[in-house]
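Novice: Predicted model and sequence below, questions to follow.
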Amino acid sequence: MSSLRLDVRHLILICALLIMTGAASAFQLGEGVAVPVDGRYMCAKWSPDGSGLALAGERYTGLYYADTMGGFSTISDRASAGWGFSWSPDGRSLAYRVREDDGMGMALFVAGRGQEGSQQITPYLNDMFPPKWGKDGVTYRSGDELVTVDETGKVKKVFSLSQGRGVLSRMMSVAGSFVLGRMIGATFTGFACGLASQSAEGKPGKGVFIDSESQIWIVDENGNKRKLIDVEGEVGYATPAESPQGDKYAVHGYSGDLYIQDARGGDPTNLGKGSSPTWSPDGKYVMFELTADDGHIITSSELWLASVDGSQRYQLTSGSLMAMSPSWSPDGKYVAYVIDGKVYVAPVE
């Protein structure tokens with residue numbers, strides 16, 4: 001009888017191992033194929049419609065587009081253009097920042113994918129944070145204000161994160177804004193911002209932003225804000241990546257841990273070490289890079305996958321080559337990543 005109980009225990013254990021093995025093999029990456037483009041790149045990001053990849057140049061200088069038919073075009077060759085760019089929801093255009101040639105200021109530009117020429121939609125500002133292109137337009141943070149503009153630079157919404165204490169920053173930007181308005185017809189002025197923030201249209205769209213202390217805040221449609229995530233011992237956070245469904249965020253902590261945070265609040269799920277997260281289209285998994293360093297340079301980097309509840313976590317790549325900056329295609333069939341400056345695309349099997 002005791003032998004039978006032992007055999008049953010063994011059978012249960014074997015079944016559990018088989019289930020775990022099956023779960024771990026649910027996703028595998030096929031052999032990566034190099035994208036046939038010259039140059040070296042830091043990252044590649046799929047367009048929302050899956051038509052191609054936006055490529056950030058080496059040291060994030062330059063922004064480029066490679067389509068699935070072999071076409072290639074330069075969006076911008078300016079410094080910082082590849083850092084923090086944002087696709088339009090329809091995947092037809094890109095919003096990106098460029099740095100002033102003779103200063104520290106940055107301005108927003110918009111360009112169509114695969115098209116020559118771009119349009120400046122903001123003046124140069126000293127503290128412009130990366131843009132996010134949503135259904136309401138392109139939103140960026142400058143100082144203590146969230147500003148949403150359309151593709152022509154017309155201000156649609158302004159929200160003061162400090163409840164109106166940003167008047168000085170508004171007034172200081174008036175002169176430069178009027179000059180920009182005469183140049184490109186944009187309506188970004190301190191006075192326009194003041195008027196917009198007093199109207200119902202001045203309420204921000206739902207979104208997140210990182211403050212000067214590297215804390216992440218979430219703002220709802222009514223202008224209410226709260227910390228998105230607050231983990232004891234974490235001194236700051238970076239790169240909050242929104243799930244396709246908009247209900248969760250993958251957040252990289254300065255400790256090196258990767259968290260999944262529900263947008264409605266609650267305790268985050270710690271996925272362990274990881275960075276550069278990219279979501280599966282169904283919002284159930286996050287792919288990320290796991291790097292190691294010797295205190296000076298990165299010595300290894302592999303791609304990993306984890307379920308959002310933290311119950312599954314397994315390695316996708318291995319070897320001497322360093323796979324970094326994954327991007328999951330909108331249809332879930334492919335992953336783009338970078339190895340030694342070259343962009344690869346691999347099927348998800």
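Specialist: Yep, it's here. Numbering: from 1, shown residues only.
Novice: what are the ranges of the helices in the stretch 1-150 of the chain?
Specialist: 2-24 (DSSP state H, counting those that start in this stretch).
Novice: So what's the gap between stretch 66-82 and the chain middle?
Specialist: 18 Å (C-alpha atoms, centre = their mean, to the nearest Å).
Novice: Quick one: mean pLDDT over that stretch.
Specialist: Taken as a whole, stretch 66-82 has an average pLDDT of 92.
Novice: Now it: buried residues?
Specialist: Burial within stretch 66-82, assessed by neighbour count using 16 or more other C-beta atoms under 10 Å, is assigned to Ala66, Phe72, Ile75, Ser76, Arg78, Ala79, Ser80, Ala81, Gly82. For the C-beta atoms, the positions are set from N, CA and C on the backbone; glycine is no exception.
Novice: got the buried residues for stretch 330-343?
Specialist: Quick answer for stretch 330-343 (16+ other C-beta under 10 Å): Tyr334, Val335, Ala336, Tyr337, Val338, Ile339, Val343.
Novice: Okay, the first one and Val98: tell me how far apart.
Specialist: This means Tyr334. 30 Å (C-beta to C-beta, to the nearest Å).
Novice: from the buried residues of stretch 330-343, which is closest to Pro131?
Specialist: Nearest to Pro131 among these is Ala336, at 21.3 Å by C-beta to C-beta.
Novice: who does the helix or strand harbouring that closest one touch, helix- and strand-wise?
Specialist: Using DSSP states H and E, Ala336 sits within strand 334-339. If you count contacts as 3 or more C-beta pairs under 8 Å, 6 or more residues apart in numbering; DSSP states H and E, strand 334-339 packs onto strand 41-46, strand 323-328, strand 342-347.
Novice: now that strand, how far from the centre of its chain.
Specialist: On C-alpha atoms, centre = their mean, the centre of strand 334-339 falls 15 Å from that of its chain.
Novice: just stretch 38-45 next, same as before
Specialist: Using C-alpha atoms, centre = their mean, the offset of stretch 38-45 from its chain centre is 16 Å.
Novice: re the thing from before, give me the angle between the strand holding Ala336 and strand 342-347.
Specialist: 150 degrees (axes from the mean of the first three to the mean of the last three C-alpha atoms, to 10 degrees).
Novice: could you give the angle of strand 334-339 to strand 41-46?
Specialist: 170 degrees.
Novice: Show the average pLDDT along strand 334-339.
Specialist: Averaged across strand 334-339, pLDDT comes to 97.
Novice: partners of it in the sheet?
Specialist: strand 323-328 (antiparallel), strand 342-347 (antiparallel) (DSSP bridges).
Novice: got a list of what the most centrally placed residue in the chain touches?
Specialist: In the chain, the C-alpha nearest the mean C-alpha coordinate belongs to Ala241, at 5.1 Å (C-alpha atoms, centre = their mean). When contacts are counted by C-beta atoms under 8 Å, 6 or more residues apart in numbering, Ala241 is found next to Tyr249, Ala250, Val251, Pro277, Thr278, Trp279, Val286.
Novice: The third one is in what secondary structure piece?
Specialist: When elements are assigned from DSSP H and E, Val251 belongs to strand 248-253.
Novice: Just checking: what are the partner strands of the helix or strand following that strand?
Specialist: Counting by DSSP H and E, the element after strand 248-253 in chain order, helix or strand, is strand 257-262. In the sheet, strand 257-262 lines up against strand 248-253 (antiparallel), strand 269-273 (antiparallel) (DSSP bridges).
Novice: who's the residue nearest to the centre of the chain bridged to?
Specialist: The partner list for Ala241 in beta bridges (DSSP bridges) reads Ala250.
Novice: separation between Phe85 and Asn270?
Specialist: Distance from Phe85 to Asn270, by C-beta to C-beta: 29 Å.
Novice: Between these two, tell me which one has more neighbours.
Specialist: For the pair Phe85 and Asn270, the greater number of neighbours falls to Phe85 (24 against 14), based on other C-beta atoms under 10 Å.
Novice: isn't the more buried one right up against Leu63?
Specialist: Yes. At 5.8 Å, Phe85 counts as touching Leu63 under the criterion of C-beta atoms under 8 Å.
Novice: what's the overlap in contacts for these two?
Specialist: Common neighbours of Phe85 and Leu63 (C-beta under 8 Å, 6+ apart) are Ala54, Ala56, Leu94, Tyr96.
Novice: Just the buried residues of those residues.
Specialist: Ala54, Ala56, Leu94, Tyr96.
Novice: who's in contact with the third one?
Specialist: In this structure, Leu94 makes contact with Ala54, Leu63, Tyr65, Ile75, Phe85, Ser86, Trp87, Ser88, Val110, Ala111, Gly112, Arg113, judged by C-beta under 8 Å, 6+ apart.
Novice: Bridged to the third one, which residues?
Specialist: The one in question is Tyr65. Ala54, Ser73.
Novice: how much space is there between it and Gly223?
Specialist: For Tyr65 relative to Gly223 (C-beta to C-beta), the value is 36 Å.
Novice: Report the distance from the strand holding Val251 to the chain centre.
Specialist: 10 Å.
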